[in-house]
Each structure stands twice: as structure tokens, then as C-alpha cells.
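Engineer: Fold the stuff below for me.
(chains A, B, C and D)
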Protein chains: 2
Amino acid sequence: MKKTTIHDIAAELGVTFSTVARALNDHPAISAATKAAVLETARRLNYQQNKLASSLRSGRSNVIGIIVPSLDTSFFSSVVHGMERVLNENGYSVLLYQTGESQVQEQKGVNTFLQSRVDGVLASVSAEKDQTEFYASLRKRQVPLLFFDRAIQELAIPSVTINDFQGGFAATEHLIQQGYQNIVHIMSDLHLTIFKERLRGYVEALKQHGLPVREELIFKGRVSLELGQQTVQQLLETQTPFDAIFAAEDYTAMGALQTLQERGVPVPEKVGIIGFANEAFGAFVTPSLSTVDQQTVKMGEETARLFLQLSGQKNFYQETPERIVLDPILVPRKSSTRGVNQ
Amino acid sequence: MKKTTIHDIAAELGVTFSTVARALNDHPAISAATKAAVLETARRLNYQQNKLASSLRSGRSNVIGIIVPSLDTSFFSSVVHGMERVLNENGYSVLLYQTGESQVQEQKGVNTFLQSRVDGVLASVSAEKDQTEFYASLRKRQVPLLFFDRAIQELAIPSVTINDFQGGFAATEHLIQQGYQNIVHIMSDLHLTIFKERLRGYVEALKQHGLPVREELIFKGRVSLELGQQTVQQLLETQTPFDAIFAAEDYTAMGALQTLQERGVPVPEKVGIIGFANEAFGAFVTPSLSTVDQQTVKMGEETARLFLQLSGQKNFYQETPERIVLDPILVPRKSSTRGVNQ
DNA sequence: GTGAAAGCGCTAACAT
DNA sequence: ATGTTAGCGCTTTCAC
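Structural biologist: This is a model prediction of the structure:
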């Protein structure tokens, strides 16, 4: 079936194609009768506007590119969920690109988006150092860029993140208030601000409560179930005294919890545990896993809304970019709850 | 910064823009020297091909539209993860559309994709009855369409699904083999083949093992934690005899497990439980939740590969569409494992 | 091996 | 209220 164009509709009605174009775009200078006739004919001929042509000519694609490390994580898929819904409601389509934490892929994603002439890019970066000039290429071309969750602070780009410092602080303080004193921290070895901030929150909470910050209680690795398991094994083998664990990510916390239980260490009585991310499983495990909620859907929605708001302005790239920082929510559960000062 | 076009490169080099276009597309009739010069100049001027123009002219967009009910579920986000990776590796971009199980949204998604001139649509439908002619509009326009997980059988469209019958059968048979006799089934009230097939598997397994199929043991609702909880409450209040539950979805199974434990009914000793979907939490709860794995990432990858394979053919829409059916994998865990014939 | 020319389907400025 | 015209930036056929 040949695709129908505005020319076909025009021929059918004996008007010119520009009248049809105006009618379809609800131009005020077109009579109601003509509009009705055009609309009817368009429907009858199964007309579908060619957005490629429209975008090429108008310079606006109504497409937003989203860059995430991976959709195979509940965090990013929830964020994208929120973004897509808000953008869709506002007439935008979403192009999706996964980087797998690879900078090369990230670069490719930005280029693809540039070539697709997207009206904006929402990105969560894979790393915050090294070659990040490709993000500058968006600015050069005046394509709005916003970061979410993981931002490159040096770039003066609007962003929506959560207050990871506060999250780390709240998690650690919660453990302290439950009477734990020797608190282990397990974090990622990726060079990401989010993890450094959680660490900083951990350190600050210890200090404020007069507890020593001990380097030997801070562990780094690829956050995962295995990292949590290995860390606890190591702690037990080296007989390092500890009575709580704050893991910067829930799976890691879960691994720690599993190994403690296998070794017969009671949680939360002997060792308290808290994670980060509020993964679905935390509410269901025994003991239920305390954690910090990151408001993922809200983060996606806020990022989309900030884009909508800022892209309306004359020049998107200003000296002082808007930076929305969401409050993390402490979710205390059983894995860290015991009588105070036990 | 003005965007550079092939005309700019041509002017810079003193050749015509068609030579530049050929060079960039690695046309065989262009000398190596010219190609090198063009490539160098393109890089220097930060040239980015305008895909809108290219797609408009060539009739190929290299964009695939993906329609899912929601990304805020581990199932669909994993599937999309697999799809995006394979498509990306093969030079395609991905447009994403969430329907929220709404047919109206689904219709809109198809129209948007049509207008964006996508080269194909991969969809998981919201419902399999009612107005589905909008999927026919893709066929009319010769846009390849593939279904995944949820397909409309009547439409003769290629699809990648899992064998839900076999999954339901395996789950039920597993319970029977563990010595359970009065097996409850909790399923969705959505009119989806996937749930009907799981039910059919449940019924068939009972029959093959000489057990009666009792209507009063089959419950329907919006699958969720709450549905599992409510169903168990109802079973206990009405004192309906039962010794196992096969829930068509993991959260429902989890709700059932929780309520049984609250009421002091030991799992798996008194009641065995198995779910469906292999959600992350299942491995971590106590007792660990038996389930059926749906091979989500593989489903996404296979759907993408099937598209790549079929879209190469002369006419995509054939009389006998290829239908790939993946085998579900029984994942027996502690919630359903006890000595046989206890 | 390169150039010339047409046109994909639309938007928008300028007519009338 | 509608028509005319000129592109947007590319692909592609036909020349030479």
C-alpha cells in the first residue's frame, strides 16, 4: 500500500497541499469546513504524518534520547519508566541507549542521538572522569543535556540526583542509634560520586557521634551479592571485630546477610545490616533488610519535568545550572533494628 | 554553532556534495584519496550525518519501536535490555513506548511508530481481544511486526514466547512429585493467553497424575502480593483443605507465603509453594521460593534476532509466521521441597 | 571517478 | 482563507 501524503489528500479535495498541511496542524486561518473535510479524508486514506519530513524541515524531532548503563537493573528501569511516562504525556518519544558502563558505548550513544537530531538527552554517566568531551559536543550543538543520578559536576549541566551523602549519613546514624559501634562499609570501586558521597556520609556520621573512622573497615569492589559474601568471609577469617555493615547497594548487603547467617552470626542481634537502593527483595527476606530508598520513579519524572521546563527557555545552557537533589528515604527494617545500647 | 552538512565538506574540498555523500557511505567508485580527505574534513568540522534526511530519502530509518506494558517490572525491563543490545549491535536504534496495559496507549504507540517510520515493531500486547485492528495497520504498511511474550494468535504474526503450558505443567507436576495433593492455583483475571496456558498446564498435570481438578481451588484476581495474601486468608477462613499453592506470578506466591507464615503454617512441610517469573527476591527469602524462570533476556535477544533475520527477506508477512517458543526452566527451591510422600 | 539533477514529505515565509 | 515557493540534508539515477 502506497503511503498517503498531504498531496494525496489535497488532490482528493481539490485544494493545495499547503492548505492540507495547515488544516492538519489546526492553523487558525483555515475554515472549519475545510478542516473537517481534510480530517475526514485523512482518516479515510489512513494518513499518517511523516515525522521524518516534518522534523527535518522544522528542526524539531520531539524525540528525547535516554542513556543508561543498563536496563537490567531495577534502579534504571524504574527511572526510565518515570521518564518515558512524563515525556510521552508531553508529546515526546523516547530513544533508548544502554552503555553497559562502557565509555565507548556512551560516546556512540551521544553520536547516534546527535545524528537522530534528538531535542534533548537525559543521561546517567558510566564514569565521571576521562574523555567526557563528547558531552560537550551536545552543548556545542545546543542540544539540551541533563544528568540524572550520576552527574559530571565539572560540566555545569542541570541534573537530578539524590543526596547520597545524606543517605549514607542516615544509614550510618541509624546503625549507631541502634547501638552498633564498629560499622563496616562496603562500597563500589567505580569512580562515581554517588559512592564517594555515601562514604562521606558514613564518615561524617561516625565523626559526629564520636566514633573512630577505621580504614580497615572500608571495603571496595564490584558491588554484588558475591562482594558482600566475600567481605564477610574475610572479616570473619581475619577476626576483625565488627558489629554492623552498611553496604552501598542492596545486593551486597544481601550477600553479607547470607554469609553471616550461614556462619551462625545472628542478625540483627550480633550484627546489624543496612543496604542502599530499596530493591524489591529487601522487604521479603528474613530478617527484612533495612535500606535507603532512592525514589527512582520520582527521579525519572523530575528529570523529565526539568527538561520540559528548561527546554522552554531561550538559552538552555546557562552559567548556573539547576540541580535538583532528591532526599533519600531511610527504610529501617529488621536487619538493623534492636533495642538501643544492647 | 551551525551544523555542518555534506555541502560544507564539499565546499571545503572543492568537490561536489554527491562525491562527499558517496565517500561517507564508502561507495566503491570513490578513490581512496578522496575518501580519506572527506573523512578527515568531516572529522575536523564535527560532521554528524542527519539521519532524518537520510531516512526520509532512503525510506529506511534504522529505528525499531518497542511496545511494553511497563518498564517498571523486572520481566519487561530485562526483555528490553536484551533487545536493545542486539539491535544496537546491528545498527538499529530503539524507540520505547509504555502502554500501562491500556489499549488506547497501545494504539497511540503504534501510530507514533508509524509516523516515525520505524523499520519494525516489537510488541507485547495489553490484551488479546477487542480492537486490535491497529496492529493490522502495520501489516498494511508492510512494517514488520513481532510479538513477544504476549501474542495475538489470530493475527499470524511471528512471535517469541515461552511455553507457558509447559511451565504450568512443570510447576504443578513438581508439587505433585513432592507429595502435595490438594494444589491451589492463583492466576490473573486478565484475558491473556499466558495465564490461560499456565492454568491449562496445571489442569493437565493434575489429570495425568490422577488428581481431581477442583474449581474451588482456582482463584483469579490482579496478581500481586495482596492477592496471594487474600487468597490464603480466604482459604484458611473457609477451612478449605489444601497443601500446596501454584501462583502464576512470584509476588502472588510471596504474598501467600507471608500469610501462611504469619498464621503459623509451616512451608514447605504443611504447604508447598511455587511461583512463576523467577524474580530476584525468590532466591533470598526464607524458605527460598520455587519458581519458573522465563528466560527474559534470552526472549529479548531472540525476538531481536528473529526480526533481523525476517526483515532481510523479500516479504515479511508470510502465510506461516515463525513462532519461537522458549522452554521455561523449573527452579525448584525450598518452598516446595520436602521428602516425597510425606 | 565524479558531477548534475531530481525528489523524499513536510514547514513556513511570502503572496494574493 | 488559500496558493506559491523555497528549501531542510540527504540518496540515487543518469550523465560524462
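Engineer: In a strand, residue A:121, correct?
Structural biologist: Yes. Membership of residue A:121 in a strand is supported by DSSP: H, G, I helix; E, B strand; the rest coil.
Engineer: which residues touch it?
Structural biologist: Applying C-beta atoms under 8 Å, 6 or more residues apart in numbering or on different chains, we find residue A:121 in contact with A:64, A:65, A:66, A:67, A:110, A:113, A:138, A:143, A:144, A:145, A:146. To be clear about C-beta, it is placed using only N, CA and C from the backbone, and glycine gets the same treatment.
Engineer: What of residue A:139?
Structural biologist: In this structure, residue A:139 makes contact with A:145, A:317, judged by C-beta under 8 Å, 6+ apart.
Engineer: Check it and give its pLDDT.
Structural biologist: Residue A:139 is assigned a predicted lDDT (pLDDT) of 92.
Engineer: Quick check: which element contains it?
Structural biologist: In this structure, residue A:139 sits in helix A:133-140 according to DSSP states H and E.
Engineer: so what strands line up beside the next helix or strand after that helix?
Structural biologist: For helix A:133-140, the following helix or strand on the C-terminal side (DSSP H and E) is strand A:145-148. With DSSP bridges as the criterion, the sheet partners recorded for strand A:145-148 are strand A:120-123 (parallel), strand A:159-162 (parallel).
Engineer: Verify the contact between residue A:103 and residue A:126 for me.
Structural biologist: Yes. The pair formed by residue A:103 and residue A:126 meets the contact definition of C-beta atoms under 8 Å, at 5.6 Å.
Engineer: So which of those two has more stuff around it?
Structural biologist: The residue with the greater number of neighbours, taking residue A:103 and residue A:126 and applying other C-beta atoms under 10 Å in any protein chain shown, is residue A:126; the counts read 22 against 16.
Engineer: next structured bit after the helix or strand residue A:20 falls within?
Structural biologist: Here residue A:20, judged by DSSP H and E, is contained in helix A:17-24. In the C-terminal direction, the helix or strand that comes right after helix A:17-24 (DSSP H and E) is helix A:32-44.
Engineer: coming back round to it: I'd like the contacts of residue A:121 as CSV, with neighbour count and distance to residue A:85 appended.
Structural biologist: Formatted as CSV, the entries for the contacts of residue A:121 read as follows, by neighbours: other C-beta atoms under 10 Å in any protein chain shown; distance: C-beta to C-beta, whole Å:
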residue, neighbour count, distance to residue A:85
A:64, 27, 12
A:65, 25, 17
A:66, 29, 12
A:67, 25, 18
A:110, 25, 24
A:113, 27, 20
A:138, 21, 24
A:143, 20, 22
A:144, 21, 19
A:145, 26, 21
A:146, 25, 17
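Engineer: who touches stretch A:205-216?
Structural biologist: Outside of stretch A:205-216, the residues that reach it under the criterion C-beta under 8 Å, 6+ apart are A:168, A:169, A:170, A:172, A:173, A:176, A:181, A:182, A:183, A:203, A:240.
Engineer: I'd like to know which of those are part of helices.
Structural biologist: Within the contacts of stretch A:205-216, residues falling in helices by DSSP state H are A:168, A:169, A:170, A:172, A:173, A:176, A:203.
Engineer: which pair in the residues you listed spans the largest distance?
Structural biologist: Every pair in the ones in helices among the contacts of stretch A:205-216 was compared (C-beta to C-beta); the two farthest apart turn out to be A:170 and A:203, at 13.6 Å.
Engineer: For burial, what's the neighbour tally of the residue of the stretch 151-300 of chain A found nearest chain B?
Structural biologist: Using C-beta to the nearest C-beta, the single residue of the stretch 151-300 of chain A nearest to chain B is residue A:281, 3.3 Å away. As a burial measure, residue A:281 scores 22 neighbours (other C-beta under 10 Å).
Engineer: Tell me if stretch A:76-91 is near DNA strand C.
Structural biologist: No. Stretch A:76-91 does not reach DNA strand C (C-beta under 7 Å from any atom of the strand); its nearest approach is 12.9 Å.
Engineer: can you tell me how far residue A:312 sits from DNA strand C?
Structural biologist: Taken as C-beta to the nearest atom of the strand, to the nearest Å, the spacing of residue A:312 relative to DNA strand C amounts to 16 Å.
Engineer: One more: residue A:8?
Structural biologist: Following C-beta to the nearest atom of the strand, the distance that separates residue A:8 from DNA strand C is 8 Å.
Engineer: would residue A:325 count as being in a strand?
Structural biologist: Yes. Going by three-state DSSP, the assignment for residue A:325 places it inside a strand.
Engineer: Contact partners for the nearest residue to it once chain neighbours are set aside?
Structural biologist: On the basis of C-beta to C-beta, 6 or more residues apart in numbering or on different chains, the spatially nearest residue to residue A:325 that is not a chain neighbour turns out to be residue A:163, at 5.0 Å. Residues in contact with residue A:163, defined by C-beta under 8 Å, 6+ apart, are A:197, A:325, A:326, A:327, A:328.
Engineer: In contact with the closest residue to the third one other than its chain neighbours: list those residues for me.
Structural biologist: Setting aside the residues directly before and after it, residue A:326 is nearest to residue A:162 in space (C-beta to C-beta, 6+ apart), at 4.6 Å. With contact taken as C-beta under 8 Å, 6+ apart, residue A:162 is in contact with A:149, A:294, A:295, A:299, A:325, A:326, A:327, A:328.
Engineer: Also residue A:150?
Structural biologist: A:124, A:125, A:126, A:128, A:161, A:192, A:193, A:194.
Engineer: Tell me which helix or strand it sits in.
Structural biologist: When the helices and strands are read off by DSSP H and E, none of them contains residue A:150.
Engineer: Wait, a helix at residue A:66?
Structural biologist: No. Going by three-state DSSP, the assignment for residue A:66 is strand, not a helix.
Engineer: Count the residues that sit near the residue of the stretch 51-200 of chain A found nearest chain B.
Structural biologist: Proximity of the stretch 51-200 of chain A to chain B (C-beta to the nearest C-beta) peaks at residue A:77, 3.4 Å away. The burial count assigned to residue A:77 is 24, neighbours taken as other C-beta under 10 Å.
Engineer: pretty sure it is touching residue B:77, no?
Structural biologist: Yes. With contacts defined as C-beta under 8 Å, residue A:77 counts as touching residue B:77 at a distance of 3.4 Å.
Engineer: any common contacting residues for these two?
Structural biologist: With contacts taken as C-beta under 8 Å, 6+ apart, the residues that reach both residue A:77 and residue B:77 are A:71, B:71.
Engineer: could you dump the strands paired with strand A:145-148 to JSON lines with mean pLDDT?
Structural biologist: Supplementary listing: the strands paired with strand A:145-148 in JSON lines, determined by pLDDT from 0 to 100:
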{"stretch": "strand A:120-123", "mean pLDDT": "97"}
{"stretch": "strand A:159-162", "mean pLDDT": "97"}
